[in-house]
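Asks: sequence first, then the predicted structure, then my questions.
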Amino acid sequence: MFGDTIAAISTAWGDGGISIIRISGPDSLSVAGDIVRTAKPTEDLLSRFMYNGSLLDEGGNPIDEVLLVSFRAPKSYTGEDLTEIHCHGGSLVAQRCLERCLQKGCRHAEPGEFTRRAFENGRLDLAQAEAVNGIIHARSNEALKAASRTLRGELSRFVRELYDELLSLSAELEVGIDFPEEDVPYIDDQEGSDRIETMIKGLQDIADRCTTGYLLREGIRVALVGRPNVGKSSLLNSLLKESRAIVTSIPGTTRDVIEEVFTHKGIPLRLMDTAGLRTTPSDEVEAIGIERTAQAMDKSDVVLWILDGSEPIGDFERDMATRISDRPHIVAVNKSDLPSGLDGSLLVSLLPESTILNISAQEQRGLEELKEALVEMVAGTGTLEGGLNATARQLEELRSAIDSLGASKEALEHHHDQTLAAAGLAETRKALERILGLFDDDSLLDTVFSRFCIGK
Ligand SMILES: Nc1nc2c(c(=O)[nH]1)N(C=O)[C@@H](CNc1ccc(C(=O)N[C@@H](CCC(=O)O)C(=O)O)cc1)CN2
Ligand SMILES: Nc1nc2c(ncn2[C@@H]2O[C@H](COP(=O)(O)OP(=O)(O)OP(=O)(O)O)[C@@H](O)[C@H]2O)c(=O)[nH]1
Ligand SMILES: [Mg+2]
């Protein structure tokens, strides 16, 4: 429980029908009673019922006609006493109401602090708390479903089940390690390794669903790169079906990175059109633009390399093929409406594993296949149905859990070393604890909740 009482405006800034000020903590009802005049004394108001009243200024004059509702602990969002004042919309009234709360001793809540209190009072685990943010930031129905599933506890339930199995396997291994004088180990290596394999499969499945959820929310970042004049900006415009970027026949037209989003199968694709790459930029602006192209490539999920199909492959293309070969990429040979000047089999020999598509940005050819390939590259061919909400941090934890389980399995299978295997299980346990929030690490919680809105 927390000593102080916090307050914040929970509705969005700007004009609107209603604004809500939330007050949470032991003094929430008395603070509300100090600034809102109701027919009955506030301590007589029933929990979870709405009452109307007048919001009063410092001199006792009414500012607004409001509704007041109090949720008595522990039956509230935060698990502590929580009172809401619903005033008329518009930033000024809400701001005045918040000021009144602060004058009466409330502290202005930090971003996400209401949800953090809900978490610390055991109303939600960390995966669910993060899903609340996922709901707020969802931009598509599928993303919303993924976040809502997670808020209802689906991710937590899977992770919990794995966590319990992990604990029992660890305990069984420890018995063998602690009593080595017993000739026969408590659990044999084969059984241990089979059980770990099952856990890896389970985690892999969760990680896939979380990746889907992550992509549904954040989108796939695609960097459009290639030599000047190959048609990168034309392709951006064709995909967006609008004339967003300037297109000319002058090489070096695009100077800066232009980012635009469109949706394919419910997944946002964040396209970054970039300055064409060449070794001798015509001026300083272009040189800076080329640097930014490199940065865009670095932060992209997929590199979309565009070539001009009417031109032969040269040294630039050979370099580029090496540069992108070890990261997710798709090759689009553009200008397929012109006579081909490019040796297709040479290109295939440079990038034998790659998806290579013929397109024409100008004639809108091959674009459906391209969109499909982009989504598949990152999301895989698996279904997009069962997505779960996850942040980049949670995905990282899931991957590290899978890695350390792999190491444990290896220790059992190849080295018959149960102590080493137990160490790997302990690592895995820590990763799962960081997903569910079973730890004491304020700085991690600070980071997680700082990404929330004020008032959430
Ligand atoms: N006005 C308002 N709207 C809101 C919220 C809110 O806090 N205030 N929410 C949040 O931001 C969401 C709703 N979430 C909530 C979740 C739990 C409880 C709650 O009081 N739970 C109690 C009682 C359950 C019961 O008896 O049905 C509990 O879980 O013990 C309230 C809101 C969305 N809309
Ligand atoms: N025939 C044909 N011409 C195209 C096609 N796509 C683009 N072009 C032309 O190629 C020229 C360059 O197009 P841009 O889209 O500006 O090329 P870019 O890759 O963005 O060039 P920079 O911004 O200079 O790096 C323009 O004259 C386009 O009309 C295509 O599919 N077919
Ligand atoms: Mg361009």
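Replies: That came in fine, so what should we check first? Numbering: from 1, shown residues only. Ligands and ions are numbered 1, 2, ... in the order given.

Asks: what's downstream of the helix ranked longest in the chain, the next helix or strand?
Replies: Across the chain, the longest stretch assigned as helix under DSSP state H is helix 189-218. Downstream of helix 189-218, the first helix or strand assigned by DSSP states H and E is strand 220-225.

Asks: and for Arg399, the neighbour number?
Replies: 16 (other CB atoms under 10 Å). Yep, even glycine has a C-beta here, placed from its N, CA and C like the rest.

Asks: which residues does it contact?
Replies: Arg399 sits next to Ala207 when contact means CB atoms under 8 Å, 6 or more residues apart in numbering.

Asks: mind checking how far it is from Asp208?
Replies: 11 Å (CB to CB, to the nearest Å).

Asks: low-scoring stretches of the protein, by residue?
Replies: 1-2, 180-185, 381-384 (pLDDT under 70).

Asks: what does it put close to ligand 1?
Replies: Ile20, Phe71, Lys75, Ser76, Tyr77, Glu84 (CB under 6 Å from any ligand atom).

Asks: surely the first one and Ala12 touch.
Replies: No: using CB atoms under 8 Å, Ile20 is not in contact with Ala12; the gap is 10.3 Å.

Asks: the more surrounded of these two?
Replies: Ranked by neighbour count (other CB under 10 Å), Ile20 and Ala12 place Ile20 first, with 19 against 11.

Asks: mind listing what's buried along the helix or strand that contains that one?
Replies: According to DSSP H and E, Ile20 maps onto strand 18-24. Neighbour-count burial for strand 18-24, with 16 or more other CB atoms under 10 Å as criterion, is recorded at Ser19, Ile20, Ile21, Arg22, Ile23, Ser24.

Asks: could you dump the residues you listed to CSV with distance to Thr280?
Replies: Shown next, in CSV, are these (distance: CB to CB, whole Å):
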residue, distance to Thr280
Ser19, 58
Ile20, 59
Ile21, 60
Arg22, 59
Ile23, 63
Ser24, 62
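
Asks: from these, pick the one nearest ligand 3.
Replies: Ser19 (44.7 Å; CB to the ion).

Asks: following the chain onward from the strand holding Ile20, which element is next?
Replies: Following strand 18-24 in sequence, per DSSP H and E, is helix 28-35.

Asks: now what about that following helix, what contacts it?
Replies: Against helix 28-35 from outside (CB under 8 Å, 6+ apart): 5, 7, 23, 41-43, 45, 55-56, 68, 70, 72, 80-83, 85, 97, 100-101, 104-106.

Asks: re the thing from before, adjacent strands (with direction) for the strand holding Ile20?
Replies: strand 6-9 (antiparallel), strand 82-88 (antiparallel) (DSSP bridges).

Asks: could you dump the shortest one to PDB, C-alpha only?
Replies: Meaning strand 6-9. Taking Å, rounded to 0.1, in the frame of the first residue of the first chain, the C-alpha atoms of strand 6-9 are listed here in PDB:
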ATOM      1  CA  ILE A   6      -2.300  10.800  -6.400                       C
ATOM      2  CA  ALA A   7      -4.500  12.700  -8.900                       C
ATOM      3  CA  ALA A   8      -4.400  13.200 -12.700                       C
ATOM      4  CA  ILE A   9      -6.700  14.000 -15.600                       C
END
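
Asks: what comes into contact with that strand?
Replies: By CB under 8 Å, 6+ apart, strand 6-9 touches 19-25, 31, 94-95, 97-98, 101-102, 106-110, 113-114, 117, 454-455.

Asks: kindly report the same for stretch 117-133.
Replies: By CB under 8 Å, 6+ apart, stretch 117-133 touches 1-2, 6, 24, 74, 77-80, 112, 115-116, 147-148, 150-151, 153, 155-156, 159, 389-391, 394, 434-438, 445, 448-449, 451-452, 456.

Asks: quick one: terminal-to-terminal distance for stretch 336-353?
Replies: 22 Å (CA to CA, to the nearest Å).

Asks: how much space between the most centrally placed residue in the chain and Ser282?
Replies: With distances taken as CA atoms, centre = their mean, Thr391 lies nearest the centre of the chain, 3.5 Å away. Look at Thr391 and Ser282: by CB to CB, they are 42 Å apart.

Asks: domain assignment for this protein?
Replies: 6-123, 133-215+391-436, 224-379 (automatic domain parsing).

Asks: just put the ones you listed in a markdown table and tack on distance to Glu385.
Replies: Shown next, in a markdown table, are the domains of the chain (distance: least, CB to CB, whole Å):
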| stretch | distance to Glu385 |
| --- | --- |
| domain 6-123 | 27 |
| domain 133-215+391-436 | 8 |
| domain 224-379 | 10 |
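
Asks: near ligand 2, from the contacts of strand 6-9?
Replies: Within the contacts of strand 6-9, nothing lies near ligand 2 by CB under 6 Å from any ligand atom.

Asks: can you say which of the residues you listed are buried?
Replies: 19-25, 31, 94, 97-98, 101, 106, 109, 113-114, 117, 455.

Asks: drop anything exposed from the residues of the chain next to ligand 1.
Replies: By 16+ other CB under 10 Å, those give Ile20, Phe71, Ser76, Tyr77, Glu84 as buried.
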